[in-house]
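In: What shape does this take:
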Amino acid sequence: PVVAAGGFYDGRGLVAALAFGAQGIAMGTRFLMTSDSGVPAATLDRYLQVKDADRIRVSPLVDGMPQRMIANEYLAMLEQASPFRRLWIALQSALQWKAQTGMTSAHALKLLWQALRDDPASVAQTVMAANAPVLLQRSMLDGQPAEGVMSSGQVAALIGRLQSCDEVIAGIVAQAGQRLAALSALTAVETSHA
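Out: Down below sits the predicted model:
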């Protein structure tokens, strides 16, 4: 089965995905922004404040890989920080992540040594890799959206209120059904005129 992902949040998107041959859609941001998600209220409020897609940025500053996230105080600080300051922040996150995972110092040094041997230029990337889980935890679990990162699809700017997952699914199914019925009626009219 093919599942389409990226930018889906309503019945129109479901119908478009089905028309392209997908059997369904995946919706990360849409389900994150529900009353059932378990994301702290302070963080969900920040998501709901996004009304302009320009507030959702792609940046490699968290872990070296491009990520789409909501612009906030933490991202602004990273953008203004020097490369050395960003590396220092990443090192602090790496140490925090090491403590959270129970990784031994010997294992951490082994990973660092491996990175140095494989590609000395990748050391910063290796250190930065620990940034994402630590920074996501701050906003998505600890409820401190100004002190972490908020991953997001562009559809966050289109979602104006929190609904339950049941309401989201029912709305998508109803809207998709209406679209498919309208398309079917249009096809019947065109066929009768041919």
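In: residue ranges of the strands in the protein, please?
Out: With DSSP state E as the definition, the chain shows strands at residue ranges 3-5, 24-26, 56-59, 67-70.
In: The third one - which strands sit beside it in the sheet, and in what orientation?
Out: Spelled out, it's strand 56-59. strand 67-70 (antiparallel) (DSSP bridges).
In: Tell me, please, where in the chain the pLDDT is lower than the cut-off.
Out: Low-confidence segments of the chain (pLDDT under 70): 120-127, 194.
In: Let me know whether T43 touches P145 as I believe.
Out: Yes - if you go by CB atoms under 8 Å, T43 and P145 touch, sitting 4.5 Å apart. The C-beta positions use only the backbone N, C-alpha and C, and glycine is treated the same way.
In: Need the residues touching each of those two.
Out: S139 (CB atoms under 8 Å, 6 or more residues apart in numbering).
In: which of the strands of the chain sits most buried?
Out: strand 67-70 (a mean of 20; mean count of other CB atoms under 10 Å).
In: Name the residues that touch that strand?
Out: Taking CB under 8 Å, 6+ apart as the rule, strand 67-70 contacts 46-47, 50, 55-60, 62, 75, 132, 149-154, 156.
In: picking up where we left off before, export the strands of the chain as TSV, with columns for distance to Q100.
Out: Shown next, in TSV, are the strands of the chain (distance: least, CB to CB, whole Å):
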stretch	distance to Q100
strand 3-5	29
strand 24-26	28
strand 56-59	24
strand 67-70	20
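In: V39: which of the ones you listed is closest?
Out: Nearest to V39 among the strands of the chain is strand 67-70 (12.4 Å), distances taken as CB to CB.
In: Which parts of the protein are helices?
Out: Along the chain, counting by DSSP state H, helices occupy 11-19, 28-32, 41-48, 73-80, 83-101, 105-118, 123-128, 131-136, 165-193.
In: which one of those helices lies closest to A4?
Out: helix 11-19 (3.9 Å).
In: What residues of that closest one count as buried?
Out: G11, G13, L14, V15, A16, A17, L18 (16 or more other CB atoms under 10 Å).
In: what's it packed up against?
Out: With contacts taken as 3 or more CB pairs under 8 Å, 6 or more residues apart in numbering; DSSP states H and E, helix 11-19 sits against strand 24-26, helix 165-193.
In: Tell me the gap between that helix and the middle of its chain.
Out: Chain-centre distance of helix 11-19: 21 Å, with CA atoms, centre = their mean, to the nearest Å.
In: So what touches that helix?
Out: In contact with helix 11-19 (CB under 8 Å, 6+ apart) are residues 4, 7-8, 24-25, 171-180, 183.
In: Pull out the C-alpha coordinates of that helix and format them as CSV.
Out: This file holds the C-alpha atoms of helix 11-19, laid out as CSV (Å, rounded to 0.1, in the frame of the first residue of the first chain):
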residue,chain,number,x,y,z
GLY,A,11,-10.8,15.7,3.0
ARG,A,12,-9.6,17.5,-0.1
GLY,A,13,-6.1,16.2,0.5
LEU,A,14,-7.4,12.7,1.0
VAL,A,15,-9.3,12.8,-2.3
ALA,A,16,-6.2,14.2,-4.1
ALA,A,17,-4.0,11.4,-2.6
LEU,A,18,-6.5,8.8,-3.7
ALA,A,19,-6.6,10.2,-7.2
